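Asker: Quick one, structure for this:
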Amino acid sequence: MIVQQDAKVCELKAALGPLSGRNLKFCTDACLRSYLEARNWNVDKAHKMLTGTLKWRATYKPEEIRWHEISHEVEKGKVFRANFHDRYGRTVLIMRPEMQNTTSAVDNIRHLAYVIENSILNLAEGQEQMSWLIDFTGLSLSNSMSIGTGVDIIKILQNHYPERLAVAFVYNPPRIFEAFWKAVKCVLNSKTSEKVKFVYPNNKESEEVMRHFFDVDNLPGEFGGKATMKYDHEEFSRLMAQDDVKTAKYWGFEKANPHC
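Answerer: A predicted model of the protein is given here:
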């Protein structure tokens, strides 16, 4: 199986042809594998998907987004990278829709693209995926993201960041989330929707699920753990400013990948 998959990676690499600059940096073997896996190892379909991503990246330039451009989006801590990992060593993103503090769909999407790019840059060696913790406690119509923006975000994540999501925990979703979920589920492929797990407070089954994926000593109390979660915007801004330097360095030079 591994030999066959390696052959598929080489096929996709050949189909892409010579790459240079940022495309060369982006199209690592691990990246090609994620696109192949997202398309059930069909080289033609993976090639079409990856080509679409390269075109999107050429115009959207997610790797050029910097913290100072989107920091206003997260002043209340609606989306940020956690300071702990799950039991599998994966980066954890914490999302708190209740803390939605802006109305610009463009900035919302740019901010999430920045967070995903930053999280990928901070993945541990050998890790390609991340876990999401989404706390819906306190969500209401007044502070919820529009369905349209949610669908646009899902499309970008699915089309341009395939297989980056390991699992997403939807914690304590209110009734108003049902309409949002129905709309979003329509654009989710079955593989992705299966990664979404609904968990609830004071529920033994949910507690077992969370314990399976997280050390309760690290898990914030908002998600049923024992840790205290406090988002410090100034401290997080300092961390992101440092990461922006790493990002610039990463994308600022080229290094050829081994050829098949």
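
Asker: For Thr137, which non-adjacent residue is spatially closest?
Answerer: Nearest residue to Thr137 in three dimensions, chain neighbours excluded: Asn172, at 4.8 Å (C-beta to C-beta, 6 or more residues apart in numbering). Where C-beta positions appear, they are placed from N, C-alpha and C, glycine not excepted.

Asker: err, Tyr114, not the other one
Answerer: Ile65 (4.4 Å).

Asker: Tell me who's in contact with that neighbour.
Answerer: 110, 113-114, 117 (C-beta atoms under 8 Å, 6 or more residues apart in numbering).

Asker: Same check on Asn118?
Answerer: 81, 240, 243, 247.

Asker: sorry, back to before: pretty sure the residue nearest to Thr137 contacts Leu133?
Answerer: No. Proximity of Asn172 to Leu133 does not meet the contact threshold set by C-beta atoms under 8 Å, at 11.2 Å.

Asker: between those two, which one's more packed in?
Answerer: Leu133 (26 against 21; other C-beta atoms under 10 Å).

Asker: just how off-centre is the helix or strand harbouring that one within its chain?
Answerer: Secondary structure from DSSP states H and E places Leu133 in strand 130-135. Strand 130-135 sits 9 Å away from the centroid of its parent chain (C-alpha atoms, centre = their mean, to the nearest Å).

Asker: buried set for it?
Answerer: Counting neighbours by 16 or more other C-beta atoms under 10 Å, one finds that the buried residues in strand 130-135 are 130-135.

Asker: Output those residues as JSON lines; include the columns distance to Lys155 and pLDDT.
Answerer: Listed next are the buried residues of strand 130-135 as JSON lines, based on distance: C-beta to C-beta, whole Å; pLDDT from 0 to 100:
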{"residue": "Met130", "distance to Lys155": "19", "pLDDT": "95"}
{"residue": "Ser131", "distance to Lys155": "21", "pLDDT": "96"}
{"residue": "Trp132", "distance to Lys155": "17", "pLDDT": "95"}
{"residue": "Leu133", "distance to Lys155": "22", "pLDDT": "96"}
{"residue": "Ile134", "distance to Lys155": "18", "pLDDT": "92"}
{"residue": "Asp135", "distance to Lys155": "23", "pLDDT": "91"}
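
Asker: now for those, which pair is the farthest apart?
Answerer: Taking C-beta to C-beta as the measure, the buried residues of strand 130-135 span a maximum distance of 16.4 Å, between Met130 and Asp135.

Asker: got a list of what His160 touches?
Answerer: 52-53, 56-57.

Asker: Just give me the closest of those residues to Val3.
Answerer: Thr53 (26.3 Å).
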